[in-house]
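Enquirer: Here you go, sequence then predicted model.
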Amino acid sequence: MKTNRRQFLKTTGLAGLGITAVPAAAHASSGVTAKAPFKQAQPQRFNMHGYAAPKLPIVRIGLIGIGDRGGAALQRLIKIEGVQITALADVKPEAVSRGVAIVKARAHSPATYSGGAEDWKKLCDRSDVDLVYICTPWLLHTTQAVYAMERGKHVAPELPVALTIEDCWKLVETSEKTRRHCIVLGNQCFNSFELLTLNMARQGFFGKLVHGDGAYSRNMLPIKFRKEKLWFFERDIDRIGALYNIHGIGPIAQKMEINCGDRMEYMSSVTGDDFTMGEKVKEMAAQDPFWQPYVGRRFNGNMTTCIVRTARGRTMMFQYDHFSARPATKVHLISGTKALAMMEPPPSRFYTNEKDRWLTDQEYQALVAQYTPEISKRVGAMAEKVGGGTEYYHGGMDTVMDWRMIDCLRNGLPVEQNVYDAASWSALIELTSWSSSHRAQSVDVPDFTGGAWKTNRPLMDLALTTGGTTRFV
């Protein structure tokens with residue numbers, strides 16, 4: 001199986017580099033002003049925002065990549081009404097066997113593909129697959145999503161969906177051409193606090209939105225040095241920037257109606273030095289010669305901070321740090337002219353101009369009771385129960401995310417997180433790399449909607465005015 005994986009990387013030009021197919025960036029160049037080489041816009045072929053594909057009473061799913069995330073996804077999906085797992089693919093036969101064991105408990109009998117680096121294509125070619133759920137290493141997401149859409153399948157890739165601006169455009173072009181959904185699996189958008197504050201924002205609690213903070217920061221060193229998941233280690237070689245930031249971006253972007261009323265206009269970012277990985281590699285190499293070839297390589301800096309300005313004059317800040325000593329932190333702060341919400345560090349809290357202080361626990365709970373949206377009331381508790389026995393539980397938000405995706409497909413509704421979200425959120429990976437490499441020079445964020453953001457209406461039906469008919473089984 002190692003041979004097959006290496007062969008795939010070789011044939012795609014990525015051997016030995018993990019996800020460094022993205023142009024390698026040098027740390028902090030001389031400061032000479034440069035023009036960013038990214039395509040900014042193109043005419044929209046078909047607007048996928050708000051597009052309702054034909055109903056699929058039974059959603060036949062083929063899942064690619066049955067590692068930690070893929071296995072957990074299977075455990076959730078088989079508990080949702082109207083789901084049929086028809087095919088599984090992974091380069092490792094033992095991973096496919098694990099997937100079969102998971103779904104057999106609910107009487108699913110999927111076709112299986114393993115052993116070949118491109119056997120996943122056979123899954124995408126099947127006529128009994130409606131949705132391809134992608135849980136493979138990052139560098140494969142765009143290739144697999146594009147191939148599947150071209151064969152008439154909706155796709156749901158794990159994040160990030162693309163690693164380069166060029167690949168972001170490929171996703172948009174393919175989705176618009178085929179009229180197949182590309183659904184970014186941004187689970188953080190379905191967390192109870194994020195849904196609560198999205199409802200509050202829409203009902204004017206914060207006044208006019210001004211600024212949002214997001215982050216994905218945690219010490220990942222304990223799982224970085226896993227030989228069986230080398231791509232996860234290699235992604236930070238010869239590249240800098242916010243390489244995994246969508247957890248922070250998504251919920252704020254939804255509140256600020258990015259791609260449907262506003263858009264990210266330009267951004268800049270700063271990445272500090274590597275204070276951790278280089279030294280850790282030396283330490284590991286002294287114990288195991290396997291790591292010796294990585295000694296002296298250039299690694300991503302510990303912290304990247306990215307600032308975005310929107311077309312409507314609002315700002316967003318995102319941070320990324322996987323190497324420093326810190327607890328897992330998914331910052332979510334939203335600030336308006338009347339009030340502020342802050343999720344972390346716990347406990348979550350609200351501040352209002354009216355009170356001129358942080359609200360008491362009693363006042364906080366009263367707001368929760370007032371603004372908890374229907375989707376959380378109807379699905380949240382059951383999702384916690386259904387997802388509680390699975391890996392990557394995350395308080396049930398993964399289950400709510402999967403449930404709503406299936407519910408939209410079964411009822412012929414627009415999906416909540418479409419290809420424009422996938423592209424604009426993923427685009428910040430290469431944009432932060434470029435900006436950090438050019439002394440925080442600002443860079444325009446492409447308009448993947450072709451100007452449609454001006455008239456697109458916000459998605460995420462918090463009240464479940466449509467759909468909401470799918471049950472857990």
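Expert: That came through fine. Predicted, not measured: the structure shown is a model, and the values here were computed from it.
Enquirer: What about the residue nearest to residue 51 when sequence neighbours are not counted? Give its phi and psi, please.
Expert: Spatial nearest neighbour of residue 51, excluding adjacent residues (CB to CB, 6 or more residues apart in numbering): residue 414 at 5.9 Å. To be clear about C-beta, it is placed using only N, CA and C from the backbone, and glycine gets the same treatment. Per-residue torsions, residue 414: phi -60, psi 140 (degrees, to the nearest 10).
Enquirer: in what helix or strand does the residue lying closest to residue 372 once chain neighbours are set aside lie?
Expert: Leaving aside its sequence neighbours, residue 372 sits nearest to residue 196 (CB to CB, 6+ apart; 5.8 Å). Taking DSSP states H and E as the criterion, residue 196 maps to helix 192-202.
Enquirer: Also residue 316?
Expert: Residue 316 belongs to strand 315-321 when assigned by DSSP H and E.
Enquirer: same thing with residue 75?
Expert: Applying DSSP H and E, one finds residue 75 within helix 68-77.
Enquirer: Packing partners of that helix?
Expert: Judged by 3 or more CB pairs under 8 Å, 6 or more residues apart in numbering; DSSP states H and E, helix 68-77 is in contact with strand 59-64, strand 83-89, helix 93-104, strand 131-134, helix 397-411.
Enquirer: quick one: the helix or strand just after the strand holding residue 316 to strand 315-321, angle?
Expert: Sequence-wise, the next helix or strand downstream of strand 315-321 (DSSP H and E) is strand 332-336. Interaxial angle of strand 332-336 relative to strand 315-321 (axes from the mean of the first three to the mean of the last three CA atoms, to 10 degrees): 160 degrees.
Enquirer: Mind listing the strands strand 332-336 pairs with, and their directions?
Expert: Partners of strand 332-336 in the sheet, by DSSP bridges, are strand 209-217 (antiparallel), strand 339-342 (antiparallel).
Enquirer: With only the CA atoms kept, save the helix or strand that the longest one is followed by in CSV.
Expert: Where DSSP H and E defines the elements, the next helix or strand beyond strand 209-217 is helix 221-224. Provided in CSV are the C-alpha atoms of helix 221-224 (Å, rounded to 0.1, in the frame of the first residue of the first chain):
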residue,chain,number,x,y,z
LEU,A,221,2.8,18.3,18.0
PRO,A,222,1.6,15.0,19.7
ILE,A,223,0.0,13.9,16.4
LYS,A,224,2.3,15.6,13.9
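Enquirer: quick one: buried residues of the next helix or strand after helix 221-224?
Expert: Downstream of helix 221-224, the first helix or strand assigned by DSSP H and E is helix 230-234. Within helix 230-234, the residues that count as buried by 16 or more other CB atoms under 10 Å are 231, 232, 233, 234.
Enquirer: Can you check what angle separates the helix or strand just after helix 230-234 from helix 192-202?
Expert: Reading on from helix 230-234 to the C-terminus, the next helix or strand found by DSSP H and E is helix 246-255. Counting by the same axes, to 10 degrees, helix 246-255 lies at 20 degrees to helix 192-202.
Enquirer: name the helices or strands packed onto helix 246-255?
Expert: By 3+ CB pairs under 8 Å, 6+ apart, helix 246-255 packs against helix 192-202, strand 209-217, strand 315-321, strand 332-336, helix 419-437.
Enquirer: what's the closest of the ones you listed to residue 89?
Expert: Closest approach to residue 89 among those (CB to CB): helix 419-437, 21.2 Å.
Enquirer: which other residues reach the helix or strand just after the closest one?
Expert: Moving toward the C-terminus from helix 419-437, the next helix or strand (DSSP H and E) is strand 443-444. For strand 443-444, contacts defined as CB atoms under 8 Å, 6 or more residues apart in numbering pick out 36, 38, 40, 265, 266, 267, 268, 431, 434, 435.
Enquirer: any chance of the residues you listed in JSON lines, with neighbour count too?
Expert: As requested, the contacts of strand 443-444 are exported to JSON lines (neighbours: other CB atoms under 10 Å):
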{"residue": "36", "neighbour count": "16"}
{"residue": "38", "neighbour count": "18"}
{"residue": "40", "neighbour count": "11"}
{"residue": "265", "neighbour count": "16"}
{"residue": "266", "neighbour count": "16"}
{"residue": "267", "neighbour count": "25"}
{"residue": "268", "neighbour count": "20"}
{"residue": "431", "neighbour count": "27"}
{"residue": "434", "neighbour count": "24"}
{"residue": "435", "neighbour count": "28"}
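Enquirer: Return the member of those nearest to residue 332.
Expert: Distances from residue 332 to the contacts of strand 443-444, taken as CB to CB, are shortest for residue 267 (18.8 Å).
Enquirer: Please report how far the closest one lies from residue 251.
Expert: For residue 267, the distance to residue 251 equals 18 Å [CB to CB, to the nearest Å].
Enquirer: do the same with residue 46
Expert: Here residue 46 is placed at a distance of 27 Å from residue 251 (CB to CB).
Enquirer: on that earlier part again, determine which of the strands paired with strand 332-336 approaches residue 244 most closely.
Expert: Closest of the strands paired with strand 332-336 to residue 244 is strand 209-217, at 5.7 Å (criterion: CB to CB).
Enquirer: Go ahead and produce PDB holding the CA coordinates of that closest one.
Expert: Provided in PDB are the C-alpha atoms of strand 209-217 (Å, rounded to 0.1, in the frame of the first residue of the first chain):
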ATOM      1  CA  LEU A 209     -21.800  44.200  12.600                       C
ATOM      2  CA  VAL A 210     -18.300  45.700  12.800                       C
ATOM      3  CA  HIS A 211     -15.700  43.000  13.300                       C
ATOM      4  CA  GLY A 212     -15.200  39.300  13.900                       C
ATOM      5  CA  ASP A 213     -12.400  37.200  15.300                       C
ATOM      6  CA  GLY A 214     -11.800  33.500  14.500                       C
ATOM      7  CA  ALA A 215      -9.000  31.100  15.000                       C
ATOM      8  CA  TYR A 216      -7.900  27.500  14.900                       C
ATOM      9  CA  SER A 217      -5.100  27.200  17.400                       C
END
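Enquirer: and that strand, average pLDDT?
Expert: The pLDDT scores in strand 209-217 average 95.
Enquirer: Can you name the residues in contact with it?
Expert: For strand 209-217, contacts defined as CB under 8 Å, 6+ apart pick out 201, 244-249, 251-252, 255-256, 303, 314-322, 324, 326, 328-337.
Enquirer: Try it again at 6 Å.
Expert: 244-245, 247-249, 252, 256, 314-321, 326, 329-331, 333-336 (CB atoms under 6 Å, 6 or more residues apart in numbering).
Enquirer: got the CA positions of the helix holding residue 196 in CSV?
Expert: Below are the C-alpha coordinates for helix 192-202, written out as CSV (Å, rounded to 0.1, in the frame of the first residue of the first chain):
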residue,chain,number,x,y,z
SER,A,192,-24.8,25.6,19.0
PHE,A,193,-23.1,28.9,19.9
GLU,A,194,-22.4,29.9,16.3
LEU,A,195,-26.1,29.1,15.4
LEU,A,196,-27.3,31.0,18.4
THR,A,197,-25.3,34.1,17.5
LEU,A,198,-26.1,33.9,13.8
ASN,A,199,-29.8,34.1,14.8
MET,A,200,-29.0,37.0,17.1
ALA,A,201,-27.1,38.8,14.4
ARG,A,202,-30.0,38.4,11.9
